[in-house]
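Student: Here is my input; please provide its structure:
(one chain, ligands or ions: 1)
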Amino acid sequence: MDSTYFKRYRMEVDLTVPRFAAALPTDYRYVPWNEAVLDIHARTKFRSFRDEIDAVVFPCLGNLEGCRRLMREIRNKSGFLPNATWLIAHGSTPESLQWCGTIQGITERGGGGMIQNIGVVPGHRGLSLGTCLIERSLAGFRMHGLSRVGLEVTAENASAVRLYQRLGFRRVRTVYKVVDEDAVVA
Ligand SMILES: CC(C)(COP(=O)(O)OP(=O)(O)OC[C@H]1O[C@@H](n2cnc3c(N)ncnc32)[C@H](O)[C@@H]1OP(=O)(O)O)[C@@H](O)C(=O)NCCC(=O)NCCS
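Tutor: Take a look at the predicted model:
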């Protein structure tokens with residue numbers, strides 16, 4: 001069976017360097033983690049990733065059930081960190097409510113933190129919501145006493161790489177993710 005190799009960067013940020021809080025645009029608000037919002041994270045993740053390169057690299061991101069499974073796995077990890085896990089909502093009435101962005105964080109055995117998936121739904125991008133989600137999550141890692149946080153990003157996801165670099169993340173390693181050809185076509 002043929003396989004496709006996707007280049008990915010492991011990037012890290014040093015949390016001992018002072019950071020500046022990012023302000024959410026008007027009418028957007030943060031929603032903290034609680035068990036009741038697990039499915040909202042999954043649905044927001046799906047809507048953020050379904051048409052993106054990472055849905056090819058990780059086919060589970062391209063379907064809702066896959067996103068639900070992934071969210072449950074993240075939630076059940078021993079290092080799951082509620083303070084680094086956030087949603088962004090828009091609208092103040094039930095009729096106007098829109099879920100716009102999601103981020104999740106976990107702690108790793110070596111003492112660092114790891115951002116799992118950050119996604120902003122198309123239509124709400126370019127407004128700094130991605131920046132705000134990362135800063136909010138990093139503040140949660142910091143409250144937990146962590147000094148270093150990492151993530152992995154697909155190299156061809158240029159806007160995400162730019163965003164992370166702008167926020168102080170630096171490339172520390174290149175890894176390759178193998179995806180079977182039939183998964184890429186599907
Ligand atoms: C990557 C992603 C999370 C970024 O979310 P976002 O909300 O668009 O992020 P931001 O608005 O903070 O920054 C994105 C860009 O908008 C620009 N921007 C930020 N605020 C802006 C504003 N008020 N007006 C215009 N542009 C703005 C930023 O400069 C940045 O530009 P760049 O692409 O040249 O770096 C989003 O594109 C996404 O969900 N992609 C699909 C899922 C994905 O790939 N996630 C990353 C996995 S590693």
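
Student: Give me the neighbour count for the closest residue to the ligand within the chain.
Tutor: Taking C-beta to the nearest ligand atom, the ligand has its nearest neighbour within the chain at residue 130, 2.6 Å off. C-betas here are computed from N, CA, C, even on glycine. Neighbour count for residue 130, taken as other C-beta atoms under 10 Å: 24.

Student: So what's the predicted local confidence for it?
Tutor: Predicted confidence (pLDDT) for residue 130: 98.

Student: What is the helix or strand encompassing it packed up against?
Tutor: Assessed by DSSP states H and E, residue 130 sits inside helix 129-143. Applying 3 or more C-beta pairs under 8 Å, 6 or more residues apart in numbering; DSSP states H and E, one finds that helix 129-143 makes contact with strand 28-32, strand 86-90, strand 98-107, strand 113-120, strand 148-154, helix 158-166.

Student: how about those in CSV, adding mean pLDDT and distance to the ligand?
Tutor: Output for these, formatted as CSV (pLDDT from 0 to 100; distance: least, C-beta to the nearest ligand atom, whole Å):
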stretch, mean pLDDT, distance to the ligand
strand 28-32, 98, 10
strand 86-90, 98, 9
strand 98-107, 98, 7
strand 113-120, 98, 4
strand 148-154, 98, 4
helix 158-166, 97, 4
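
Student: Can you lay out the ones you listed as CSV showing mean neighbour count?
Tutor: Output for the helices and strands packed on helix 129-143, formatted as CSV (neighbours: other C-beta atoms under 10 Å):
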stretch, mean neighbour count
strand 28-32, 14
strand 86-90, 22
strand 98-107, 23
strand 113-120, 24
strand 148-154, 19
helix 158-166, 15
